[in-house]
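Novice: below are the sequence and a predicted model for it; my questions follow.
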Protein chains: 2
Amino acid sequence: MGKDDVKLLSMWASPFCMRVKVALAEKDVAYEEILESDLMGAKTELLIKSNPVHKQVPVLLHDDKPVVESTNILTYIDEVWPAKPLLPACAYGKSRARFWADYIDRKEFLDILMYLDGTLGEQDYFNGDTFGFVDILLIGLTSWFPAFEKYGGFKVEDEYPKLAAWITRSYARETVSESLTSPEKITNFVGMMRQMYGIE
Amino acid sequence: MGKDDVKLLSMWASPFCMRVKVALAEKDVAYEEILESDLMGAKTELLIKSNPVHKQVPVLLHDDKPVVESTNILTYIDEVWPAKPLLPACAYGKSRARFWADYIDRKEFLDILMYLDGTLGEQDYFNGDTFGFVDILLIGLTSWFPAFEKYGGFKVEDEYPKLAAWITRSYARETVSESLTSPEKITNFVGMMRQMYGIE
């Protein structure tokens, strides 16, 4: 894999960028992370050129060809580096993973927790025994949970114990803990934004 | 393919169902179409059981296993019946097709026509030379164009001549013309709905 030129246009607080970082770590792909300055800063020329339609991170530059949208990037990564597949082997299993991916991406986040808790059931991961596609899509978003808990007045662990156990299990993976921005940093950031907009 | 048991839960006016019908026709897969009664009718038990989360058509039942969401179903069809691929062969081409698929599915329809006209450019189809994934996603929606034109006061041909030529080219395919509900029937239906809701 040494010959691949892989860059990731990223932003530290974005759960969508974290997804891509986890996937690259799971695949053991080396890459250079290029950080957009911050949420409010002007967008770089490289970002606008690479994603002219949405002008959003994450963008994966593979040998300078841009792939955009985090779920799309994950599918691309799984196709280009097929070892340790993120998606199930059979077409039906794949269709189920894509269904949940789409579900996670379209809904308001707090609305979907109940369904996800039920879908997880007694399994270790959303794919079954192995950490995979749907797990990665979801784990990035969980970095914002402590902020939701602090300011939203609900507790994931009380309401959705299976999901909470899955979060703990996933964070025990180095590919997750080393790729995700710490929930504390996100919580501090949300607190700062709330002050700035006079919410408290 | 004779051994596959393929059923499609469908509704005649749905462009999302038309997508699946075109894809099955392109793949030459025989199937039984099971029509939900109408837009306002009660949902059948089979639909609710097959798609408990969204309770929406289309649902593809392949050997009784349900696959839901039209774009997801198209990817599934392309994987299970790989002859005459709908998606490009290379991972990068696939990622581009998925990008446009997502774009088509998330935006308000009229907002995307300009971009699509530009993307099509001088190509015959969105994939290039062959009718494929993105073409199928889009062609289902075009059955509603004449209704938009009649009641929305804009003309696709005047504004987006490349897209209009692409529609004519695509309708020349039997897999399209025989799978899509006629635009006249949709226009009549929209007129009826408008009367019913007192819009005119």
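Specialist: In hand now; what should we look at?
Novice: mind naming the longest helix for chain A?
Specialist: Selection of the longest helix in chain A by residue count, based on DSSP state H, yields helix A:91-106.
Novice: what helices or strands is that one leaning on?
Specialist: helix A:70-80, helix A:109-120, helix A:133-142, strand B:65-68, helix B:70-80 (3 or more C-beta pairs under 8 Å, 6 or more residues apart in numbering or on different chains; DSSP states H and E). Where you see a C-beta, it was placed from the backbone N, CA and C, and this is true even at glycine.
Novice: poorly predicted segments of chain A, please.
Specialist: Residues of chain A meeting the criterion pLDDT under 70: A:1-2, A:38-41, A:107-110, A:200.
Novice: around chain B, pick out the residues from it.
Specialist: Proximity of chain A to chain B, by C-beta under 8 Å from any C-beta of the partner chain, involves residues A:53, A:62, A:65, A:67-69, A:71-73, A:75-76, A:79-80, A:91-92, A:94-95, A:98-99, A:102-103, A:115.
Novice: could you check the angle the longest helix of chain A makes with helix B:70-80?
Specialist: For helix A:91-106 against helix B:70-80, the angle by axes from the mean of the first three to the mean of the last three C-alpha atoms, to 10 degrees is 160 degrees.
Novice: out of the residues of chain A next to chain B, which are buried?
Specialist: Neighbour counting over the residues of chain A next to chain B (16 or more other C-beta atoms under 10 Å in any protein chain shown) leaves A:62, A:67-69, A:71-73, A:75-76, A:79-80, A:91-92, A:94-95, A:98-99, A:102-103 as the buried ones.
Novice: residue A:43 versus residue A:192, what's the distance?
Specialist: Residue A:192 is 21 Å from residue A:43, where distance means C-beta to C-beta, to the nearest Å.
Novice: for the residue nearest to residue A:177 when sequence neighbours are not counted, what are its contacts?
Specialist: Spatially, and ignoring its direct neighbours in sequence, residue A:177 is nearest to residue A:171 (5.4 Å; C-beta to C-beta, 6 or more residues apart in numbering or on different chains). Shown in contact with residue A:171 (C-beta atoms under 8 Å, 6 or more residues apart in numbering or on different chains): A:139, A:177, A:180.
Novice: among those residues, who's most crowded?
Specialist: Neighbour counts for the contacts of residue A:171, by other C-beta atoms under 10 Å in any protein chain shown, peak at residue A:139, which reaches 24 neighbours.
Novice: the residue nearest to that one when sequence neighbours are not counted: how many residues sit nearby?
Specialist: The shortest distance from residue A:139 to any non-neighbouring residue, by C-beta to C-beta, 6+ apart, is to residue A:170 (5.0 Å). The local packing of residue A:170 (other C-beta under 10 Å) involves 21 other residues.
Novice: relative to residue A:120, how far out is residue A:170?
Specialist: In terms of C-beta to C-beta, residue A:170 sits 11 Å off from residue A:120.
Novice: check residue A:106 too.
Specialist: From residue A:106 to residue A:120 the distance is 19 Å (C-beta to C-beta).
Novice: residue A:7: which element?
Specialist: If you go by DSSP states H and E, residue A:7 is part of strand A:6-10.
Novice: sorry, wrong one. I was asking about residue A:184.
Specialist: Using DSSP H and E, residue A:184 sits in helix A:183-196.
Novice: tell me the angle that helix makes with helix A:133-142.
Specialist: 50 degrees.
Novice: who touches helix A:183-196?
Specialist: Residues contacting helix A:183-196 (C-beta under 8 Å, 6+ apart): A:12, A:13, A:142, A:143, A:144, A:145, A:146, A:147, A:150, A:151, A:200.
Novice: just the buried residues of those.
Specialist: A:13, A:142, A:143, A:144, A:145, A:146, A:147.
Novice: between those, which sits nearest residue B:48?
Specialist: Nearest to residue B:48 among the buried ones among the contacts of helix A:183-196: residue A:142, at 30.9 Å, using C-beta to C-beta.
Novice: enumerate every residue touching the residue lying closest to the closest one once chain neighbours are set aside.
Specialist: In space, and not counting its chain neighbours, residue A:142 is closest to residue A:167: 5.3 Å by C-beta to C-beta, 6+ apart. Counting by C-beta under 8 Å, 6+ apart, residue A:167 touches A:139, A:142, A:145, A:156.
Novice: then residue A:167 would be within a helix, right?
Specialist: Yes. The assignment for residue A:167 is a helix, going by DSSP: H, G, I helix; E, B strand; the rest coil.
Novice: what about the residue nearest to residue A:138 when sequence neighbours are not counted, distance to chain B?
Specialist: Residue nearest to residue A:138 in three dimensions, not counting chain neighbours: residue A:104, with 6.0 Å by C-beta to C-beta, 6+ apart. Residue A:104 sits 12 Å away from chain B, going by C-beta to the nearest C-beta, to the nearest Å.
Novice: could you list the domains of chain A?
Specialist: A:6-80, A:91-196 (automatic domain parsing).
Novice: quickly note the distance from residue A:189 to residue A:196.
Specialist: For residue A:189 relative to residue A:196 (C-beta to C-beta), the value is 10 Å.
Novice: and for residue A:120?
Specialist: Distance from residue A:120 to residue A:196, counting by C-beta to C-beta: 36 Å.
Novice: same check on residue A:72?
Specialist: Taking C-beta to C-beta, one finds residue A:72 at 33 Å from residue A:196.
Novice: and after the strand or helix carrying residue A:25, which helix or strand comes next?
Specialist: Residue A:25 is part of helix A:15-26 when elements are defined by DSSP H and E. Once helix A:15-26 ends, the next helix or strand along the chain (criterion: DSSP H and E) is strand A:32-35.
Novice: identify the residues contacting that next one?
Specialist: The contact list for strand A:32-35 (C-beta under 8 Å, 6+ apart) reads A:6, A:7, A:8, A:9, A:10, A:11, A:12, A:21, A:46.
Novice: mind running it again at 10 Å?
Specialist: A:5-12, A:17, A:20-21, A:24, A:44, A:46-47, A:57-59, A:61 (C-beta atoms under 10 Å, 6 or more residues apart in numbering or on different chains).
Novice: much appreciated, bye for now.
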